[in-house]
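Peer 1: Could you look at this predicted model? Sequence included:
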Amino acid sequence: MNTYIGKITVIWAVFGLSIVPLGGFIVNTAIAAETDNSGVNLSVENPGLLPTNPFYFLKSFKRNTQRAFTVSIVKKIDLELDILNQKSAEIQRLWEIMPDDNEAVLRALDAYQRSVDNLVSLAKKFGDIKEDSSYDRLAGKTIGFINKHFEILDELKASGEIRLKERIFDLQGKLGFVAVEIIKADGPDKFRDRFFSVLEGADVIRELRAVEVFDYFQDRLSADASERQYISRIKEDLILKAEALMNVNEDLGADLPVILGSSINDSLRRLKMLDEAREYIKNVSFKNNLSLIRQLVFDLAIRSRSIGKSEAEKMISDGGAIINFLNKRNEVFKSSLISNLISRAEFNLKQAQTSMTDGQYAQAVGQASAVMATLENALSQSVIIFNSGASSEIKRMKLAYDGLTGLAKENELNKENAPDLFALFFRVEKSIVALSDKNKKPEVLVPLLRDAKILLFSSEQVLRDRIEAGTSEE
């Protein structure tokens, strides 16, 4: 087997995915745990003085001095990210040594929030520095940190302490604002590349949890924001990749019921993610599994009283705003696909409103979650129908296919020694040819696009498995 794979990083342009997942198993695992795929260090080996130490003010003084002598916007953002990451490490360390001392953790979160607030102010400048030679590195570093910090903060939320949860919800919302500023500076395709490069390896749970992270990003956007539509498109891609991974190897989802059904740090976002996933997934076993998990999450949310009137009111309001936006846009395009999705959402929205009137708030949340899942589907398809996004995606898929087949050839894989892979390649090629018919209506094009994406994701996973097997043999 050609070991050249260990020396290259192949860019898969499908929906902006970098096949850095394929590069992921090349990197030394000790390093991979501490860096994202762009090589940005996400760990702090020794956090040093903690906020509970009486001499912590010296650490704060040093940081403030560094801030005072840092002039350029690029260096200011870079410095604030490093300080934020150090403070994240401090929180983790405090949680390890003082898990029952919520006051200590809250003090650490206070210090962390000051850096988050600084970063929020600086993030508004991302658009001004996008031509700077350091922009790509800085934007990648920011997204890598945000993704990692979301995981850390989610772990803290699991404590169940209400003050911690409220503070963390606020912090995650602010981190979402920073991410949105990068989306605006990058544009949807480049940001998609950037985010997918942060996700390492093949992991069904990681893909689905990333959908929850993007939900925070969307909270910072109005119903008619173009970035919101493109985020819906990225979320669809994440879900389709999860389905492709399950199609290739169902063992990858073995821990789904335990992790998604019990390790719940935000019941509402977990419900929305599960409903959204069920909106797209065709794999019957996978979909049934998610339905069972969804019921478990819903029951736990009711028992823990983590969903209620305020959550239902917000989702009903958000759903109504998105329906109004889609109806207005569809007056021009008159898409039957969008119309059908709107009709389904309106039906469920009326049910949610009735439940609200009857005081059945948890039931209203469940129904409103189904509304939002349908509308996320509609927003995602609006990129294809309203914004003529199909040709761009098809072009990227062709580049992806060429990249995968080229990588297979470089590793001496062929129809004889990898029949399963090349059977997939054949199906991918046929699906891309079918998509190339410009006369296809959106109602036909949308499901074909989804099927083609799943085949491409599946091909990537099978190719990854083949190369890993060959590398281990050597």
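Peer 2: Nice, thanks for sending it over.

Peer 1: drop to CA atoms for contacts and neighbour counts, all remaining ones
Peer 2: Noted.

Peer 1: Tell me how the chain divides into domains.
Peer 2: Following automatic domain parsing, one gets these domains for the chain: 26-200, 234-474.

Peer 1: Adding mean pLDDT and mean neighbour count as columns, could you present those in a markdown table?
Peer 2: Putting the domains of the chain into a markdown table (pLDDT from 0 to 100; neighbours: other Cα atoms under 10 Å) gives the following:
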| stretch | mean pLDDT | mean neighbour count |
| --- | --- | --- |
| domain 26-200 | 85 | 17 |
| domain 234-474 | 91 | 18 |
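
Peer 1: For residue 214, which of these is the nearest?
Peer 2: domain 234-474 (7.2 Å; Cα to Cα).

Peer 1: So residue 178 versus residue 81, what's the distance?
Peer 2: 11 Å (Cα to Cα, to the nearest Å).

Peer 1: Now do the shared contacts for these two.
Peer 2: residue 119 (Cα atoms under 8 Å, 6 or more residues apart in numbering).

Peer 1: Residues contacting stretch 230-237 from elsewhere in the structure, which ones?
Peer 2: Here stretch 230-237 makes contact (Cα under 8 Å, 6+ apart) with 15, 188, 192, 210-211, 214, 218, 277, 280, 376-377, 379-381, 383, 453.

Peer 1: Swap in 6 Å and give it another go.
Peer 2: 211, 376, 380 (Cα atoms under 6 Å, 6 or more residues apart in numbering).

Peer 1: Please report how far the first one lies from residue 304.
Peer 2: Relative to residue 304, residue 211 is positioned 23 Å away (Cα to Cα).

Peer 1: coming back round to it: quick one, which of the domains of the chain gets closest to residue 222.
Peer 2: Nearest of those to residue 222, taken as Cα to Cα: domain 234-474 at 8.6 Å.

Peer 1: quick one: whichever strand or helix holds residue 191 to chain centroid distance?
Peer 2: Here residue 191 sits within helix 188-198, counting by DSSP states H and E. In terms of Cα atoms, centre = their mean, to the nearest Å, the centre of helix 188-198 is found 10 Å from the chain centre.

Peer 1: Likewise for stretch 404-417?
Peer 2: That offset, for stretch 404-417, works out to 30 Å (Cα atoms, centre = their mean).

Peer 1: now do stretch 151-171
Peer 2: With Cα atoms, centre = their mean, you get 19 Å for stretch 151-171.

Peer 1: Start and end of that stretch, how far apart?
Peer 2: 12 Å.

Peer 1: quick one, phi psi at residue 101?
Peer 2: Backbone geometry at residue 101, expressed as degrees, to the nearest 10, gives phi -100, psi 80.

Peer 1: helix or strand for residue 133, which one?
Peer 2: For residue 133, there is no enclosing helix or strand under DSSP H and E.

Peer 1: re the thing from before, what residues sit buried inside the helix or strand just after the helix holding residue 191?
Peer 2: Proceeding C-terminally, helix 188-198 gives way to helix 204-219 as the next helix or strand, assigned by DSSP H and E. By neighbour count on 16 or more other Cα atoms under 10 Å, the buried set for helix 204-219 is 204-205, 207-218.

Peer 1: and those as TSV, adding pLDDT?
Peer 2: Listed next are the buried residues of helix 204-219 as TSV, based on pLDDT from 0 to 100:
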residue	pLDDT
204	88
205	87
207	91
208	92
209	90
210	92
211	94
212	92
213	92
214	93
215	92
216	89
217	90
218	91
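
Peer 1: and residue 159, which of the three is it?
Peer 2: coil (DSSP: H, G, I helix; E, B strand; the rest coil).

Peer 1: Distance check, it against residue 249.
Peer 2: 33 Å.

Peer 1: Kindly report the same for residue 143.
Peer 2: 29 Å.

Peer 1: For the stretch 51-200 of the chain, just list every one of the helices.
Peer 2: With DSSP state H, counting those that start in this stretch as the definition, the stretch 51-200 of the chain shows helices at residue ranges 56-68, 73-97, 102-123, 135-157, 162-186, 188-198.

Peer 1: Output those in CSV, with distance to residue 364 appended to each entry.
Peer 2: Below are the helices of the stretch 51-200 of the chain laid out as CSV (distance: least, Cα to Cα, whole Å):
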stretch, distance to residue 364
helix 56-68, 46
helix 73-97, 36
helix 102-123, 33
helix 135-157, 24
helix 162-186, 22
helix 188-198, 33
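
Peer 1: For residue 259, find the nearest of those.
Peer 2: Using Cα to Cα, these put helix 135-157 closest to residue 259, at 12.3 Å.

Peer 1: What is that closest one packed up against?
Peer 2: Contacting helix 135-157 under the criterion 3 or more Cα pairs under 6 Å, 6 or more residues apart in numbering; DSSP states H and E is no other helix or strand.

Peer 1: So what angle separates the directions of it and helix 73-97?
Peer 2: Taking axes from the mean of the first three to the mean of the last three Cα atoms, to 10 degrees, one finds helix 135-157 and helix 73-97 inclined to each other by 20 degrees.

Peer 1: Helix 188-198 and helix 135-157, what's the angle between them?
Peer 2: Orientation check (the same axes, to 10 degrees): helix 135-157 against helix 188-198 gives 60 degrees.

Peer 1: Determine how far helix 135-157 lies from the middle of the whole chain.
Peer 2: 11 Å.

Peer 1: I'd like the distance between residue 463 and residue 118.
Peer 2: Distance from residue 463 to residue 118, by Cα to Cα: 43 Å.

Peer 1: oh, I was asking about residue 459
Peer 2: With Cα to Cα as the criterion, residue 459 and residue 118 are 43 Å apart.

Peer 1: for residue 415, phi and psi?
Peer 2: Taking degrees, to the nearest 10 as the convention, residue 415 sits at phi -60, psi -30.

Peer 1: so where does the closest residue to it other than its chain neighbours fall, helix or strand?
Peer 2: Using Cα to Cα, 6 or more residues apart in numbering and skipping residues adjacent in sequence, the residue nearest residue 415 is residue 422, 5.6 Å away. Using DSSP H and E, residue 422 falls within helix 419-435.

Peer 1: name the helices or strands packed onto that helix?
Peer 2: Against helix 419-435 (3+ Cα pairs under 6 Å, 6+ apart) you get no helix or strand.

Peer 1: do that again at 8 Å, thanks
Peer 2: Counting contacts by 3 or more Cα pairs under 8 Å, 6 or more residues apart in numbering; DSSP states H and E, helix 419-435 is packed against helix 390-410, helix 442-473.
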